[in-house]
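after the sequence you'll find the predicted model.
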Amino acid sequence: ESEVFEGGNIAMGYQVAGKFTPSKIYGGLRTGRDRHLDTPAVARLALQQGVFDRIAQLLGPDLLLWRTQLLPKPPGAPETAWHQVSTFTLSGKALRPVIEPEDRNELFNVTAWLALEDVDIENGCMQFWRGSHRKPLHNMI
C-alpha cells in the first residue's frame, strides 16, 4: 500500500479513497493500471510461483505478465458490474494497454484475482457466471 497509495491508505470511506502515487509508465497519471512495471512490490505479488503454476496449467509455461490493475474497493463502495474480463480489460478510454492482442475477438488472457483483504459475501467476494468464458465475447463501450 505504501508504494502505490499516498499515505499508505487505500480509503477511509468510499468518498475519501486514497490517491494512487504517480505512475512512471503513464506520465505521472495517478492510476492503478500496470503498476507491476514501476512498483517492485506489485511485480512480486503478480509473479508469485503459485499464481504462475496455476495459470501455466491452463496455458502452458510460455507466459507473459502484460497487465495488472489495482482495484481498491473501500467500505461502502458499490459492486462491480458483471463483465467478461477480456473485453473489460480493453475498455479504458483514457489508457490503452501496453500490449494489445492481434485479434480482440479471441480469448487472449487469463485473469488471476488476488484479494489483499479478507472477502466474503457481506463485503463483496468474487462471483463467477458458469460458462461465461465461452463465446460470444461482449464488447464494452
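Nice, I can see it. Residues are numbered from 1 along each chain as shown.

drop to CA atoms for contacts and neighbour counts, all remaining ones
Will do.

quick check: bridge partners of residue 33?
residue 69 (DSSP bridges).

how much space between it and residue 6?
To residue 6, residue 33 is 16 Å away according to CA to CA, to the nearest Å.

which one of these two is surrounded by more residues?
When neighbours are counted by other CA atoms under 10 Å, residue 33 and residue 6 differ, and residue 33 comes out ahead with 20 against 14.

hang on, that one packs against residue 68?
Yes. Between residue 33 and residue 68 there is a contact under CA atoms under 8 Å: 5.8 Å.

low-confidence bits of this structure, can you list those?
The model of the chain has pLDDT under 70 over residues 7-18, 84-101, 104-108, 133-141.

all helices for it, in order.
40-46, 49-59, 85-89 (DSSP state H).

in the second one, what's buried?
Translated: helix 49-59. For helix 49-59, the neighbour count (16 or more other CA atoms under 10 Å) marks 52, 55 as buried.

show residues contacting that helix.
Here helix 49-59 makes contact (CA atoms under 8 Å, 6 or more residues apart in numbering) with 62-63, 110, 112.

cutoff 7 Å now
For helix 49-59, there are no external contacting residues (CA atoms under 7 Å, 6 or more residues apart in numbering).

circling back to that earlier point, for residue 130, which of the helices of the chain is the nearest?
For these, the distance to residue 130 is smallest for helix 85-89, at 13.9 Å, taking CA to CA.

including distance to residue 25, could the helices of the chain go into TSV?
Listed next are the helices of the chain as TSV, based on distance: least, CA to CA, whole Å:
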stretch	distance to residue 25
helix 40-46	13
helix 49-59	24
helix 85-89	17
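
for residue 27, which of these is the nearest?
Per CA to CA, nearest to residue 27 of the helices of the chain: helix 40-46, 17.9 Å.

so which bits of that closest one are buried?
Of the residues in helix 40-46, those buried (16+ other CA under 10 Å) are 42-43, 46.

what lies in contact with that helix?
Counting by CA under 7 Å, 6+ apart, 35-36 sit against helix 40-46.

give me that answer again for 8 Å
By CA under 8 Å, 6+ apart, helix 40-46 touches 3, 35-37, 65, 68.

farthest-separated two in those residues?
Among the contacts of helix 40-46, 3 and 65 lie farthest apart (CA to CA), at 19.7 Å.
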